[in-house]
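Peer 1: Kindly return the folded structure for what I paste below:
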Amino acid sequence: MRSSLGKLVLGLLCLGLACAAPQLLAKKKDIPPAGANEQKRAVHALNRLAFGARPGDVQQVMAMGVDRWIDLQLHPEKIPDSAVEARLASFRTLRMSSREMVEEFPDGQMIKQVMDGKKPMPSDPARRAIFQVQIARLEQKQEEKRERNSDPAAQQIAAAPRREADPPPASESAKTMEELAAAAAADAAATGSADAGSMNAMSAGNNEAASEMNVTKPAPVDDAEARRMEERLYADLEVQKLPDLPPDQRYKKVLSMSADQQLSFADSLRGGKGQEFLDGLNPRQRETLLAMNNPQGVVVDELVQAKLLRAIYSDRQLQEVMTDFWFNHFNVFINKGADRVLLTNYEQGVIRPHALGKFEDLLLATAKSPAMLFYLDNWLSVGPNSMQALGIPARPPHYGPYGPRPFPRPNPKRKQNSGLNENYGRELMELHTLSVNGGYSQRDVTEVAKVFTGWTIDKPFEGGGFIFNPRMHEPGPKFVLGHRIKPKGEGEGREVLHMLATSPQTAHFISLKLAQRFVSDDPPPALVDRMAKTFLKKKGDIREVLASLFQSPEFWDESAYRAKVKTPLEFVASAVRATGANVDDAMPLARQIGNMGMPLYGAQPPTGYSMKAETWVSSSALLNRMNFALALTGGKVRGVKVDAEQMVGGPSASPDASQTLSVMEAKLLSDDISKQTHDSILAQVTAPAQTPAATADKNTPEAVDKMKPDKSPPLKPARPPDAGMIAGLLLGSPEFQRR
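Peer 2: I've put the predicted structure just below:
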């Protein structure tokens, strides 16, 4: 069984690798039967404008008309989306401001300030519990560090290399004996076979052993340490009782615990464990308990789950595709400091509302976003000749007897380094607008960086918003791309953004990237040129540019059909959609995407993730996809339920494997499958089950004995088709890997 599956996987991998080089893969262009053209158009539209088709989607799009469905997707405000909103209702952080998130889910800096008394401990019991646990954890780490630093012998032992043949240090030997005695006593107590006498005997034996080894017995543990150990043991016992309580009582019990007990509880939730503690709790209760383990992890998890659930369940599919596209274009890395709490509002308040609007509006919104300002460090950028760099005090003029006195001259000794940061200026032109070949110079980068000095954040670590600080702004005119930018503070940045948003180079670059997403990795230049003309004519209206793309013959050309390799996000979302799965917890799906090399919001460089096949096609990558597909349809992905049998008509469906495969091919791939893939999967699912004798050494006496005529094993009845395996193999096939 395992051997034949391995051969099939290798065969499918070879086919999948071919999709990285379409010119090497001779695609057979069959003449479609009558009526198939409209079905093929519906499949193509769902694969490109959506994250794949759900059961029944192809028929619904055909009934509506493909062109009408596309027009509706271009106007998402006309599409009700209550189903996905209901799934997101429990994620409170999606409706919070960044400031509220910082208050509810503090970072390490905020926790340290409360710990040091610089900020008051919250009075709200839920928020106080979160701070208490994090402070207790910090204190524990600090205590452990102090103990290590105050014990020279321990430092010497830790630093010295040790050979295996060396005897352990004396202190370590004594400690080991103490631990053995304690462990033996605990075991005896657990079985009820130890009494006070035996415990004393064990202790006496330990003393004798230490004496024989010429080891000094360690000093008894002080009362404070013993008390802490006793409290921790009691805390562990109290935590073990929690799942037996009703949800409300369980929650109140946790909030009433001591800090040590709460720390023990929080540790039990690490690594995604302890789900039984969370069952039945309302959203705030659940978030509070999870935040006791990792406060800002709650914000990140809810953002990640929301992205996946929208991709899978939203009826506004094009809006979700474009939100993903623009987020990748204006990429921000989630694990850079304050961006853990700034990113939710960046995607929801900046990217999604402008995903189908005017490009210039989107560009301005990203430029002023605290998430982008923090990610590319523009919030720290200071003009070399600004008031702040020159040390000019920020105070009103002093009034003397004859009127206001001028500011004192700046002190040359106080002049600081320029503090000019060019990150945003460079990425604005290279990645966001003109492209790397957009005709700008290093001087333009520096001048644009000066333009955006003063575009900063009001207390970013407290969730503050955009502000313009004139004291940080570089005075005087700037020269960008041959244009003189007059001094006008914040208005200089708006002028540069307008210049870049309306540039022909920007129109071409954005059109090229859209064509790469929706048509092919190397789109026809004529198509890109027409899209760029529309971009300029319609003043950067993204909806109009997309409409011209979707109406183009290049978009509907046979060569574009299933020609794009799916990214890990597209693959996982389309697989879940195709199977009609029910997702209760999207985090296991997110971890699968991360294992495939595309952690959501996890691209560190500003380039984001590649859309091209060469990035995602390799033997290991396709094997990971196959393993995920089989796990998904086999019910092995936690939090996701797939009914593979129901997909073929329930348990009473045809027992014929070939018939089951045909039904699955129609449901998952609309019958778009090669004969080679079909035959490979059919051979796998109809292969007889291997017995142990079949895999044993043929020369062993047992194998020889079983091969004798009178020892022949009885014929086994044919296995019923495994619907889950068939579905998984189809999802892992080269045809499903392409959209």
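Peer 1: Contacts only, for V239.
Peer 2: 261, 264-265, 268 (Cβ atoms under 8 Å, 6 or more residues apart in numbering). Quick note: C-beta positions are derived from backbone N, CA and C, even for glycine.
Peer 1: Quickly find the element holding it.
Peer 2: Assigned by DSSP states H and E, V239 belongs to helix 223-241.
Peer 1: Can you name the element that comes right after that helix?
Peer 2: Heading C-terminal from helix 223-241 (DSSP H and E), you reach helix 247-256.
Peer 1: Need the per-residue pLDDT for L138.
Peer 2: Here the pLDDT value assigned to L138 is 89.
Peer 1: name the helices or strands packed onto the helix or strand harbouring it?
Peer 2: In the assignment (DSSP H and E), L138 maps to helix 125-149. With contacts taken as 3 or more Cβ pairs under 8 Å, 6 or more residues apart in numbering; DSSP states H and E, helix 125-149 sits against helix 98-104, helix 108-115, helix 152-159, helix 247-256, helix 259-268, helix 283-293.
Peer 1: one step back: pLDDT of the helix holding V239, averaged?
Peer 2: Rounded mean pLDDT across helix 223-241 is 63.
Peer 1: ok, now stretch 65-75?
Peer 2: Looking at stretch 65-75 alone, the average pLDDT works out to 97.
Peer 1: Name the residues that touch stretch 491-508?
Peer 2: 359-360, 363-364, 367, 428-429, 432-435, 438-439, 448, 451-452, 455, 478, 480-481, 483, 485-486, 488, 528-529, 532-533, 535-536, 539-540.
Peer 1: Recalculate using a threshold of 7 Å.
Peer 2: With contact meaning Cβ atoms under 7 Å, 6 or more residues apart in numbering, stretch 491-508 is reached by 359-360, 363-364, 367, 428-429, 433-435, 438-439, 448, 451-452, 455, 478, 480-481, 483, 485, 528, 532, 535-536, 540.
Peer 1: again, but for stretch 442-455
Peer 2: Counting by Cβ under 7 Å, 6+ apart, 373, 378, 381-383, 386, 420-422, 424-426, 428-429, 468-470, 472-474, 478-481, 485, 492-493, 496 sit against stretch 442-455.
Peer 1: where in the protein is pLDDT low?
Peer 2: Scanning the chain for pLDDT under 70 picks out 1-36, 151-238, 271-273, 395-418, 650-654, 688-720.
Peer 1: domains in it, as residue ranges please.
Peer 2: Here the domain assignment for the chain is 2-20+565-688+722-737, 92-147+225-299, 314-393+416-501, 505-560, based on automatic domain parsing.
Peer 1: would TSV of the ones you listed with distance to L308 be doable?
Peer 2: TSV is the format used below for the domains of the chain (distance: least, Cβ to Cβ, whole Å):
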stretch	distance to L308
domain 2-20+565-688+722-737	4
domain 92-147+225-299	13
domain 314-393+416-501	10
domain 505-560	19
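Peer 1: Could you tell me which of the contacts of stretch 491-508 belong to helices?
Peer 2: 359-360, 363-364, 367, 448, 451, 528, 532, 535-536 (DSSP state H).
Peer 1: out of the contacts of V239, who's nearest A50?
Peer 2: Minimum distance to A50 across the contacts of V239 is 40.4 Å, recorded for S268 (Cβ to Cβ).
Peer 1: For the nearest residue to E490 once chain neighbours are set aside, list the residues it contacts.
Peer 2: Spatial nearest neighbour of E490, chain neighbours left out: F468 (4.2 Å); criterion: Cβ to Cβ, 6 or more residues apart in numbering. F468 makes contacts with 454-455, 489-490, as judged by Cβ under 7 Å, 6+ apart.
Peer 1: With that, I have no additional questions.
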